[in-house]
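Peer 1: Got a sequence here, can you model it:
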Amino acid sequence: MRIDLLLGELPVTEHPGLDSGDPRFDEIAGLVQNGDHAAAAQASEALLAEGIYDIRLICYFLYGHWLEQGVASWGEVLEALGNTVLNQWEAIGPVEKREKKVELSLNWLFKQVLKTLQYEEGKQSPTWNRWLSDTSSEELDPVLDAVQAFGPGIGERLGDGAGTVLDVSSKIREWLRNFQRLVYREPEPEPEPVEEIPEAEEPEPEPERRAAPKPALGLEGELSYPMALLLRKLAAFERLVAEEKFPRAALVADDINQTLANFDPKLYFPQIFATFARLQALNIGELLNYADQRDSPEWQAMQEWFKVDIDSFTDE
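Peer 2: Down below sits the predicted model:
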């Protein structure tokens with residue numbers, strides 16, 4: 001989507017925006033009410049390209065852009081809003097009750113984004129897993145800066161009418177900060193420079209030494225028994241999926257999910273669960289085929305086998 005339509009100087013017309021009874025607006029509003037935000041964004045984009053800068057269309061378009069581009073695009077959304085609402089006030093409509101309509105439109109956009117963030121996280125949906133895999137903590141630094149910078153300007157523009165936007169914006173910022181911690185990955189250590197040995201010198205070969213094993217997945221220190229067991233289960237799940245042993249993979253996934261329900265190491269060791277979350281999301285259709293078998297005797301028998309001997313459960 002062309003977010004550049006809302007950047008730079010916008011032309012000022014005598015009657016910016018759309019009238020309340022305009023059928024084009026009614027059609028787009030209907031799409032929004034039906035939850036078809038992608039179609040609403042595309043229709044709004046077409047009108048913006050014609051130079052119709054209606055704040056309601058702007059917010060419908062920006063929400064669709066954010067849904068399409070992902071969490072880190074919230075910074076671009078705020079940049080576009082800052083330009084239109086703070087710098088191009090006379091170019092946006094509707095003129096009648098403009099300030100109130102800007103307030104209501106921004107309230108809708110910010111609430112919609114916060115609700116989407118919370119919903120996808122709560123459901124641990126494929127969208128959530130895509131956010132986890134596609135977003136880096138470094139990408140979120142300028143987004144958080146943009147959230148911080150947006151507040152004073154919109155507060156000055158709308159005065160008391162900015163209360164809801166500022167409140168929801170602070171909640172979005174807190175969510176983004178928590179999400180940034182979740183996707184943070186330790187930078188890989190730089191390789192040590194290799195010392196070149198002059199050709200003339202031929203040092204005597206040293207006895208071969210085995211390198212000390214590195215801690216699993218970059219974790220320092222010894223793992224507790226529960227964490228070590230969980231790592232074995234994760235490895236078993238990956239192997240079963242790779243070998244397309246989906247009945248057993250479904251059982252292992254269920255066992256892992258029950259373990260995760262009781263504590264949340266994902267906040268501290270997100271790199272451990274990245275592959276599991278990705279594989280579960282990519283193979284959710286196959287895994288769900290066995291969800292209704294959890295109460296069956298076969299499932300329970302296999303579950304006992306899995307508990308006592310992960311290796312043979314995975315290998316056979």
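Peer 1: And the helices in the stretch 101-250 of the chain?
Peer 2: Counting by DSSP state H, counting those that start in this stretch, the segments of the stretch 101-250 of the chain that form helices are 126-134, 137-158, 163-183, 225-242, 246-262.
Peer 1: Mean pLDDT lowest where, among the ones you listed?
Peer 2: With a mean of 79, helix 225-242 has the lowest mean pLDDT of those.
Peer 1: hmm, who's touching that one?
Peer 2: Outside helix 225-242, the residues within contact range by C-beta atoms under 8 Å, 6 or more residues apart in numbering are 216-217, 223, 246, 248-249, 252-253, 255-256, 259, 265, 272-273, 275-276, 279-280, 283, 306, 310, 313-314. All C-beta atoms are positioned from the backbone trio N, CA, C, and that covers glycine.
Peer 1: need the helices of the stretch 101-250 of the chain in a markdown table with distance to Asp54, can you?
Peer 2: Conversion of these to a markdown table gives the following (distance: least, C-beta to C-beta, whole Å):
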| stretch | distance to Asp54 |
| --- | --- |
| helix 126-134 | 28 |
| helix 137-158 | 17 |
| helix 163-183 | 18 |
| helix 225-242 | 48 |
| helix 246-262 | 45 |
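Peer 1: okay, those in JSON lines with mean neighbour count next?
Peer 2: Shown next, in JSON lines, are the helices of the stretch 101-250 of the chain (neighbours: other C-beta atoms under 10 Å):
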{"stretch": "helix 126-134", "mean neighbour count": "17"}
{"stretch": "helix 137-158", "mean neighbour count": "16"}
{"stretch": "helix 163-183", "mean neighbour count": "17"}
{"stretch": "helix 225-242", "mean neighbour count": "16"}
{"stretch": "helix 246-262", "mean neighbour count": "18"}
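Peer 1: who wins for proximity to Glu120 among these?
Peer 2: When the helices of the stretch 101-250 of the chain are compared by C-beta to C-beta, helix 126-134 sits nearest Glu120, at 4.4 Å.
Peer 1: Just the residues contacting that closest one, thanks.
Peer 2: Counting by C-beta under 8 Å, 6+ apart, 70-71, 120-121, 179, 182-183, 270, 274, 277-278, 280-281, 284 sit against helix 126-134.
Peer 1: pLDDT-wise, what's the bottom of the residues you listed?
Peer 2: Pro270 (65).
Peer 1: coming back round to it: give me the buried subset of the contacts of helix 126-134.
Peer 2: Buried subset of the contacts of helix 126-134 (neighbour count, 16 or more other C-beta atoms under 10 Å): Val71, Glu120, Glu121, Phe179, Leu182, Val183, Pro270, Ala274, Ala277, Arg278, Gln280, Ala281.
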